[in-house]
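Chemist: For reference, the sequence and a predicted model appear below.
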Amino acid sequence: MTIRAVSPEDVPALGQVLARAFEHDPLHRWIFPADRTWARNSHRSFAMALRQAFSLGVALTDEGRHGAAIWHDSTRSSTLWERLVFALRMLPLLGTRALLIGRGFDELAPLHPKMPHWYLYALGTDPLHQGKGIGSALFAPMLARCDAESRPAYLEASRPENVPYYERFGFKVIGEHTMPQGPVVWRMLRTP
């Protein structure tokens, strides 16, 4: 299976793929709890995250665009202007839940590892193509890069059934965090 970098032309289709992949994810349903809001805004929020990865890290997909992985490099940070633009674009998508969601992610951010690491923002495969090894293939290049750079990888799993999946790749649970009025996320770290 060929894995390649996401191009700007891929973003709309992959935003839809990630939205379908995360449709039943507790954390993303906490962000967009109503079906109508989910259908209207989820793919747009993932498209924004994919575009953000062009400056903050790496976004990968397979040749068929059946899955995507978004990785952020902890040594890179967006400028104040970029954060402001991102927040202003997200605000209409989040509506009245923006403050609650912002508070939840503000509580989670300081729990990230302090050492340089790669953060898996999202990994998803279209439900029609799950179980075919696409997720594993999307993982492989970045985990190899983590090993080559001697850098850990970090993620937050928001479905309990995903914890054993990530453990297969060497991740270990290092803590749990409950989002305000929301689900538990399992903080997981993989050492190189």
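Modeler: Arrived safely, thanks for sending.

Chemist: Which residue ranges of the protein form strands?
Modeler: Taking DSSP state E to define them, one finds strands in the chain at 3-5, 57-62, 67-73, 118-125, 153-157, 172-178, 184-190.

Chemist: could those go into CSV alongside mean pLDDT, mean neighbour count and distance to Ile31?
Modeler: C-beta coordinates here come from the backbone N, C-alpha and C atoms, glycine included. Listed next are the strands of the chain as CSV, based on pLDDT from 0 to 100; neighbours: other CB atoms under 10 Å; distance: least, CB to CB, whole Å:
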stretch, mean pLDDT, mean neighbour count, distance to Ile31
strand 3-5, 98, 14, 26
strand 57-62, 97, 21, 19
strand 67-73, 97, 25, 15
strand 118-125, 97, 22, 12
strand 153-157, 98, 23, 13
strand 172-178, 97, 12, 15
strand 184-190, 98, 19, 12
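
Chemist: would you turn the ones you listed into JSON lines with distance to Arg44?
Modeler: JSON lines is the format used below for the strands of the chain (distance: least, CB to CB, whole Å):
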{"stretch": "strand 3-5", "distance to Arg44": "21"}
{"stretch": "strand 57-62", "distance to Arg44": "16"}
{"stretch": "strand 67-73", "distance to Arg44": "15"}
{"stretch": "strand 118-125", "distance to Arg44": "14"}
{"stretch": "strand 153-157", "distance to Arg44": "21"}
{"stretch": "strand 172-178", "distance to Arg44": "26"}
{"stretch": "strand 184-190", "distance to Arg44": "22"}
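
Chemist: could you list every residue that touches Gly135?
Modeler: Residues in contact with Gly135 (CB atoms under 8 Å, 6 or more residues apart in numbering) are Gly67, Leu123, Gly124, Thr125, Tyr165.
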